[in-house]
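[1] Build me a structure from this.
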Amino acid sequence: MSNRRAVVITTCVLVAVVGAMAAYGAWRVLSAAPEEVSLDAAVASVEEEQASNDSIENVADTADVDDSLSTDGVWYVDTDSGSFSFEEASGSFVGFRVKEELVKIGSITAVGRTDQVEGELSIQNGQLVSVVITADLSAIVTNDSRRDNAARNAMNVRENPIASFVLDQPVDLPATDGSQIALPAKGQLTVNGISKAVVFELEAEAVARSIVVVGQTEVIFSDYDIAVPSASIVVSAEDRGVVEFQLLFVRR
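    Below is the predicted model of the structure:
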């Protein structure tokens, strides 16, 4: 074998190996989406943090805490408890999930989340009377800063950074002994200044001094004048996705 031919073969092999490694690395990064919101996981995080805080404060008696979702009063989004990052969030956040098809990589789920959330819910006489939640979409983070900018631009956050959900009408709360409950919540979801009727499928549980709520609903992005971001690596991206949230509520 001539030296020239050997060099050519070696170069081709190296290019193939480097290309495979790059594709694998991209797959590892882009496909490492966090799991969907889970009430069990959220509750476990809250219980762990509260147990830790009680230990530090030497608080042994929590018998006066009512673990009942029928507890009347106004509850506010807790922005102090838990932690937040793209990979793992134990505190309050709002986000989206959308399926994409990438060149040489295949199907992945793109995820964006923000912990810049405010809001409150009101419970009276066994009913969820009102819910108002707002989220700052200009603070959306993903697994990559380039994707961050694309997602924010697609949602037109320069003109309409705040998304919101407002409950349409009171919802009866199922009787509970402190266990998890599930219920639909119909309301108005506003994104990019456009409001549409949606139904969030909620799950909730009272945990010591908090109410933990997770929820999801599917939306069509074009309904909100959101154009799914495109890039050379993206073969296709669905014009629909899931809006999800994990919220911790406390009294003030």
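
[2] Can you point out the buried residues in stretch 159-169?
    By 16 or more other C-beta atoms under 10 Å, the buried positions in stretch 159-169 come out as Asn160, Pro161, Ala163, Ser164, Phe165, Leu167. Where you see a C-beta, it was placed from the backbone N, CA and C, and this is true even at glycine.

[3] CA atoms of the strand or helix carrying the third one as CSV?
    In this assignment (DSSP states H and E), Ala163 forms part of strand 162-167. Taking C-alpha atoms only, strand 162-167 is exported to CSV below (Å, rounded to 0.1, in the frame of the first residue of the first chain):
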residue,chain,number,x,y,z
ILE,A,162,-45.5,37.6,30.1
ALA,A,163,-47.7,34.5,29.7
SER,A,164,-50.6,33.8,32.0
PHE,A,165,-53.3,31.3,32.9
VAL,A,166,-56.6,32.4,34.5
LEU,A,167,-59.2,30.0,35.7
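
[4] List the neighbouring strands of the helix or strand just after that strand plus their orientation.
    Using DSSP H and E, the helix or strand that directly follows strand 162-167 along the chain is strand 171-172. Strand pairing for strand 171-172, determined by DSSP bridges: strand 127-136 (antiparallel).

[5] Centre of the chain to stretch 240-250, how far?
    5 Å (C-alpha atoms, centre = their mean, to the nearest Å).

[6] how many neighbours does Glu118 have?
    Neighbours of Glu118 under the rule other C-beta atoms under 10 Å: 15.

[7] gap between it and Asp225?
    24 Å (C-beta to C-beta, to the nearest Å).

[8] which SS class is Glu49?
    When classified by DSSP: H, G, I helix; E, B strand; the rest coil, Glu49 comes out as helix.

[9] From what I see, it and Ser90 are in contact.
    Yes: using C-beta atoms under 8 Å, Glu49 is in contact with Ser90, at 7.1 Å.

[10] Return every residue with contacts to both of those two.
    Common contact partners of Glu49 and Ser90 (C-beta atoms under 8 Å, 6 or more residues apart in numbering): Ser81, Gly82.

[11] okay, and for the stretch 1-150 of the chain, where does confidence drop off?
    The stretch 1-150 of the chain contains residues with pLDDT under 70 at 1-32, 54-70, 100-106.

[12] Sticking with Asn153, tell me its helix or strand.
    According to DSSP H and E, Asn153 maps onto helix 145-154.

[13] Check which helix or strand the residue lying closest to Gln169 once chain neighbours are set aside maps to.
    Closest residue to Gln169 apart from its sequence neighbours, by C-beta to C-beta, 6 or more residues apart in numbering: Lys186 at 7.1 Å. Lys186 belongs to strand 181-191 when assigned by DSSP H and E.
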